[in-house]
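Participant: Output the structure for:
(2 chains)
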Amino acid sequence: MEIPAGDEFYFQWHLTERCNQRCAHCYHESYASSGELTLADLKAVFFEMERALHAWNRIGSFSLTGGEPFMRREELFALMERLDSSDVVGYYDILTNGSLLSAEDVRSMSRAPKLRRVQLSLEGPSAASNDAIRGAGAFNRTLAAIDQLKDEGVEVAVMTTITKRNKDSLPELLDLLASHRVDTFAMERFIPEGSGAEIHDSMLTPREARETFELVHALGVAERRLRVLMYRPLFALVDSEDPTVGAMCSVGTNALTVMHDGTVYPCRRLPIPLGHVLRDGLFKIWYDSDFLWRVREPANLEDCGSCDLAAVCRGCRAMAYSTSGDCCGPDPHCWRSQKCTA
Amino acid sequence: MYRLKPSLRLRQGPAETFWVFDLESGSHFEVNETAFEVLRGLEAAVEPSVLARRVSEEYGIEEAEVMADIEELLATCVEDGLVTKEA
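Facilitator: Numbers count the residues shown, from 1 in each chain, chains lettered A, B, ... in the order given. You can find the predicted model right below:
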């Protein structure tokens, strides 16, 4: 189910920070997951989300994730049941590494009416390329999980975090995904934050970023076996005419991230606490945050403020924050920016 | 004496838009700049008569005329529950 962006509000919901993997590029700094909310609190969080969606007359889309969300299997399925029965939920996705899925889990997911897709991650088309980032054995476990999900009729997405190491292997990766019946592919640029700060030299240069966006766009347009999602900032620079290409950064406009302990961020990759979902409430966070109001004003965004693609792009605010220390700074990969050397 | 409902927040948005947000109910309203300035005055505990004098001096409009407009606006705000009128 695809909802027009203007009618949709997206919550990325981290049920835990605990994880059974230690991916080199991970945005988590800690896996201790201190202050994790109880199931009763998680249900109270969802009540608060429903209240906001009703007041805003928006349909909610959700990503349930972690850490590894299946480390809280009982809470995850309890929340899925709540989401499935809510009149303001359009759909939800589960973002998992797939390694903890049981056959019963997969069967249960196949019966969840509002589960749109399960997203797994692969960093390359081979065990060597993937496991160098995600750990030994991750590649085979992920492919097994994909096959298991597809056998039960669950829609599967694969996300790849693009670095210098894997940017050239995307055609082979798409072939692999097609051979495993993957439905959609999406990419994110690597941002050197959290644990990933230790491999900051894996970040793309501006030239590499431009080449990657152009490559993914070309592959996506030609691809007939699976959908290549290009709803991301900077894609509009490749093709500003096609409405399926590019999307405005959602920070401050139609998305929030709720962490394992109830802390709310504008985006998981922009770890600036805006408040606590239960103590402050979403209305105070959304309406009264100076940070969000600053980002919402296009004129405050360096370079993007004067760009005619601001309505469909605005760069990635998390990337700007990570590289310049200012969320309103320039996206270093934007090749329209005067500071970009691509 | 008029008072702004305590749960309201006033914000100027992008492209010269002006907004009133209710942190309790989640409802929100877009208002024009004049209404926004009046509500901001109430938020800062400025009496409507003082606001009327300021607007009159700034724009060269008859003070009584401005005051009548402000009273009309405030009456609507009271009706909508944004403002309370106290004796």
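Participant: Could you list the contact residues of chain B toward chain A?
Facilitator: For chain B, the residues in contact with chain A (Cβ under 8 Å from any Cβ of the partner chain) are B:9, B:11, B:13-14, B:21-28. Backbone N, C-alpha and C define where each C-beta goes, glycine included.
Participant: Looking at those, which is nearest chain A?
Facilitator: Checking these against chain A by Cβ to the nearest Cβ gives B:G26 as the nearest, at 3.0 Å.
Participant: Please confirm that that closest one is located within a strand.
Facilitator: No: looking at B:G26 with DSSP: H, G, I helix; E, B strand; the rest coil, it is coil, so not inside a strand.
Participant: thought it was touching A:M49?
Facilitator: No: assessed by Cβ atoms under 8 Å, B:G26 is found out of contact with A:M49, at 11.5 Å.
Participant: okay, the two: which has more neighbours?
Facilitator: Relative neighbour count places A:M49 above the other of B:G26 and A:M49, with 23 against 19, counting by other Cβ atoms under 10 Å in any protein chain shown.
Participant: Just the element for that one, please.
Facilitator: helix A:39-56 (DSSP states H and E).
Participant: does chain B sit close to that helix?
Facilitator: Yes: using Cβ under 8 Å from any Cβ, helix A:39-56 reaches chain B at A:51-52, A:54-56.
Participant: In that helix, which residues are buried?
Facilitator: Applying a neighbour-count criterion of 16 or more other Cβ atoms under 10 Å in any protein chain shown, one finds A:42, A:45-46, A:48-53, A:55-56 buried in helix A:39-56.
Participant: Does anything pack onto that helix? Which helices or strands?
Facilitator: Helices and strands touching helix A:39-56, by 3 or more Cβ pairs under 8 Å, 6 or more residues apart in numbering or on different chains; DSSP states H and E, are strand A:8-14, strand A:59-65, helix A:73-84, helix A:282-288.
Participant: For that helix, which outside residues touch it?
Facilitator: For helix A:39-56, the surrounding residues in contact (Cβ atoms under 8 Å, 6 or more residues apart in numbering or on different chains) are A:9, A:11, A:13, A:15, A:37, A:59-60, A:74-75, A:78-79, A:82-83, A:86, A:88, A:258, A:262, A:277-278, A:281-283, A:286, B:25-27.
Participant: what ranges do the helices span in chain B?
Facilitator: B:33-43, B:48-59, B:63-79 (DSSP state H).
Participant: Looking at those, which one is packed in the most?
Facilitator: helix B:33-43 (a mean of 18; mean count of other Cβ atoms under 10 Å in any protein chain shown).
Participant: Dump the C-alpha coordinates for that one into PDB.
Facilitator: Output in PDB follows, covering the C-alpha atoms of helix B:33-43 (Å, rounded to 0.1, in the frame of the first residue of the first chain):
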ATOM      1  CA  GLU B  33      -0.200  38.100  10.900                       C
ATOM      2  CA  THR B  34      -2.400  40.600  12.800                       C
ATOM      3  CA  ALA B  35      -4.100  37.900  14.800                       C
ATOM      4  CA  PHE B  36      -0.800  36.400  15.500                       C
ATOM      5  CA  GLU B  37       0.600  39.700  16.800                       C
ATOM      6  CA  VAL B  38      -2.500  40.100  19.000                       C
ATOM      7  CA  LEU B  39      -2.200  36.600  20.400                       C
ATOM      8  CA  ARG B  40       1.500  37.100  21.000                       C
ATOM      9  CA  GLY B  41       0.700  40.300  22.900                       C
ATOM     10  CA  LEU B  42      -1.700  38.300  25.100                       C
ATOM     11  CA  GLU B  43       1.000  35.700  25.600                       C
END
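Participant: tell me which parts of the stretch 151-300 of chain A are close to chain B?
Facilitator: Checking the stretch 151-300 of chain A against chain B by Cβ under 8 Å from any Cβ, the hits are A:281-284, A:287-288, A:293, A:296-299.
Participant: Export those as a markdown table, with columns for neighbour count.
Facilitator: Shown next, in a markdown table, are those (neighbours: other Cβ atoms under 10 Å in any protein chain shown):
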| residue | neighbour count |
| --- | --- |
| A:G281 | 20 |
| A:L282 | 26 |
| A:F283 | 23 |
| A:K284 | 19 |
| A:Y287 | 20 |
| A:D288 | 17 |
| A:W293 | 17 |
| A:R296 | 16 |
| A:E297 | 15 |
| A:P298 | 16 |
| A:A299 | 11 |
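Participant: so which of the residues you listed comes closest to A:S102?
Facilitator: Nearest to A:S102, judged by Cβ to Cβ, of these is A:L282 at 33.8 Å.
Participant: Surely the closest one and A:G262 touch.
Facilitator: No: counting by Cβ under 8 Å, A:G262 is not a contact partner of A:L282; they are 11.2 Å apart.
Participant: gap between A:H217 and A:L226?
Facilitator: 15 Å (Cβ to Cβ, to the nearest Å).
Participant: B:R3 too?
Facilitator: Distance from B:R3 to A:L226, by Cβ to Cβ: 59 Å.
Participant: More neighbours: these two, which one.
Facilitator: Taking other Cβ under 10 Å, B:R3 and A:L226 do not tie; A:L226 has more neighbours (19 against 12).
Participant: give the contact list for that one.
Facilitator: Counting by Cβ under 8 Å, 6+ apart, A:L226 has contacts A:174, A:177-178, A:182-185.
Participant: pLDDT score assigned to it?
Facilitator: Here the pLDDT value assigned to A:L226 is 97.
Participant: A:A310 too?
Facilitator: Per-residue pLDDT puts A:A310 at 88.
Participant: go on, the one 5 residues further on?
Facilitator: You'll see A:G315 listed with a pLDDT of 95.
Participant: now swap in B:A15 and tell me
Facilitator: 83.
Participant: What of A:E2?
Facilitator: Confidence at A:E2, expressed as pLDDT, is 43.
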